[in-house]
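1. pasting the structure only:
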């Protein structure tokens, strides 16, 4: 009986090794990267400016981790890559909203300063044209040549 099984031994060993090699040792790089990006983000800022994206990223990371535990590695990789993209989108959206708020603050400050000066711009001040004139040249008086 042992002699009959001997030819199958290499096939069984190869099948066992193939089964072991198909199970990854570590999650896809995007999973810890997505978790780190989510953990490193300021939740107050993201919840204020990008709450939908923040919640979606949290759900995607949780689903990717669950898929990894369930040994659905392809789904885990796909979800973690999506989660990483969603976290980056939320951060970009929050940065854009903060920049817009800063721009509006500067505009309000400029308007307040112009109101204090007594006008809303150079044209209402009345004395000098804006620095970037319309391209006209100032005529020069003729220089005497000594004739």
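-> That came through, no problem. Because the structure is predicted, anything quoted here is derived from the model rather than measured.
2. Identify the single longest helix in the chain, thanks.
-> helix 73-117 (DSSP state H).
3. residues near residue 44, how many?
-> Using other C-beta atoms under 10 Å, the number of residues around residue 44 comes to 8. Quick note: C-beta positions are derived from backbone N, CA and C, even for glycine.
4. Can you list the neighbours in contact with the helix or strand hosting it?
-> Element membership for residue 44, per DSSP states H and E: helix 43-49. Residues outside helix 43-49 that contact it (C-beta atoms under 8 Å, 6 or more residues apart in numbering) are 53-54, 90-91, 93-94, 97-98.
5. Who wins on neighbours among those?
-> Among the contacts of helix 43-49, residue 90 has the most neighbours (other C-beta under 10 Å), with 26 neighbours.
6. wait, what's in contact with that one?
-> So residue 90 contacts 41, 46, 50, 53-54, 57 (C-beta under 8 Å, 6+ apart).
7. Check those residues and tell me the two furthest apart.
-> Greatest spatial distance among the contacts of residue 90 (C-beta to C-beta): 41 and 53, at 10.4 Å.
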